[in-house]
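K.L.:
got a predicted structure here, sequence first:
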Amino acid sequence: SAVISQKPSRDICQRGTSLTIQCQVDSQVTMMFWYRQQPGQSLTLIATANQGSEATYESGFVIDKFPISRPNLTFSTLTVSNMSPEDSSIYLCSVEGQGRGTGELFFGEGSRLTVL
Amino acid sequence: GENVEQHPSTLSVQEGDSAVIKCTYSDSASNYFPWYKQELGKRPQLIIDIRSNVGEKKDQRIAVTLNKTAKHFSLHITETQPEDSAVYFCAASRNTGFQKLVFGTGTRLLVSP
């Protein structure tokens, strides 16, 4: 299994500001994934973060809006830039389980952002 | 890209009844199909998964079936209990080296005592 810690767990933000979410994993992982879960909705992959290279963004998500850092094999950050109320969501960090051969994804508890 | 549809969006059953949730996918190259359970305010957690080389997998009260020809897979929960109440998400992936999962829209299951 993998233990994933996210900070902040929740925040209330003002329109036009930016917020950085941190994700810490208890073991080294090659890839980290950032998902968005809008209220009452499914999980949508924002980007995949590899250590030492630029993140790969999914359709509809751009680096200017969601810059990602991946400075080492256990840590990543996602910034939500120039926020608007439409960015109010839960943002989840996830990693693939190691040594199990199943490909199971483990998720952090999520960061619930409310943009006023 | 992959598109996963999930039905029903909500499902209410009495304790002890069975519950079935169905998903269809569009990408014939997908070969990994997990199911996640998300309790209110909690993170999603894997409950069962199936790969394309098998048609059915069971784990106690839960089972998943896969029909690759029709491109659909289902979650079956027998003898439901109130603690089964949660949102369930299906997902699909090509599993080409890393898990780029595409999730379904979710099913809210309510099990009444």
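P.N.:
Yes, it's here. Numbering: from 1, shown residues only, chains lettered A, B, ... in the order given.

K.L.:
who in chain B is up against chain A?
P.N.:
Selection of chain B residues close to chain A by CB under 8 Å from any CB of the partner chain yields B:1, B:32, B:34, B:42-46, B:49, B:89, B:93, B:95, B:98-106. From N, CA and C alone the C-beta is placed, and that goes for glycine too.

K.L.:
three-state assignment of A:Val62?
P.N.:
Secondary structure state of A:Val62, per DSSP: H, G, I helix; E, B strand; the rest coil, is coil.

K.L.:
ok, it - how many residues close by?
P.N.:
A count of nearby residues for A:Val62, using other CB atoms under 10 Å in any protein chain shown, gives 12.

K.L.:
same thing with A:Gln51?
P.N.:
Quick note: A:Gln51 (other CB under 10 Å) scores 16 neighbours.

K.L.:
hey, what's A:Thr44 bridged with?
P.N.:
Per DSSP bridges, the residues bridged to A:Thr44 are A:Arg36.

K.L.:
check contacts around it.
P.N.:
A:35-38, A:58, B:103 (CB atoms under 8 Å, 6 or more residues apart in numbering or on different chains).

K.L.:
neighbours of residue 86, how many?
P.N.:
You didn't say which chain, so I picked chain A. With other CB under 10 Å as criterion, A:Glu86 counts 8.

K.L.:
wrong one, I was asking about chain B
P.N.:
21.

K.L.:
that one and B:Val111 touch, don't they?
P.N.:
No. With contact defined as CB atoms under 8 Å, B:Ala86 does not reach B:Val111; the gap is 9.3 Å.

K.L.:
quick one: secondary structure of A:Arg15?
P.N.:
Using three-state DSSP, the structure places A:Arg15 in coil.

K.L.:
from A:Ile90, how far off is B:Gly16?
P.N.:
33 Å (CB to CB, to the nearest Å).

K.L.:
which of these two has more neighbours?
P.N.:
Using other CB under 10 Å as the criterion, B:Gly16 and A:Ile90 rank with A:Ile90 on top: 21 against 11.

K.L.:
thinking the more buried one is in contact with A:Ser111, fair?
P.N.:
Yes. At 6.8 Å, A:Ile90 and A:Ser111 qualify as touching, with contact defined as CB under 8 Å.

K.L.:
residue numbers of chain A in contact with chain B?
P.N.:
Going by CB under 8 Å from any CB, the residues of chain A near chain B are A:30-31, A:33, A:41-45, A:48, A:59, A:92, A:96, A:102-105, A:107-110.

K.L.:
any of the residues you listed buried? List them.
P.N.:
A:31, A:33, A:42-45, A:48, A:92, A:96, A:103-105, A:107-110 (16 or more other CB atoms under 10 Å in any protein chain shown).

K.L.:
who's the closest spatial neighbour of the residue nearest the centre of chain A, skipping the chain neighbours?
P.N.:
The structure's chain A has its C-alpha centroid closest to A:Trp34; by CA atoms, centre = their mean the separation is 3.2 Å. Nearest non-adjacent residue to A:Trp34, counting by CB to CB, 6 or more residues apart in numbering or on different chains: A:Ile46, 4.4 Å away.
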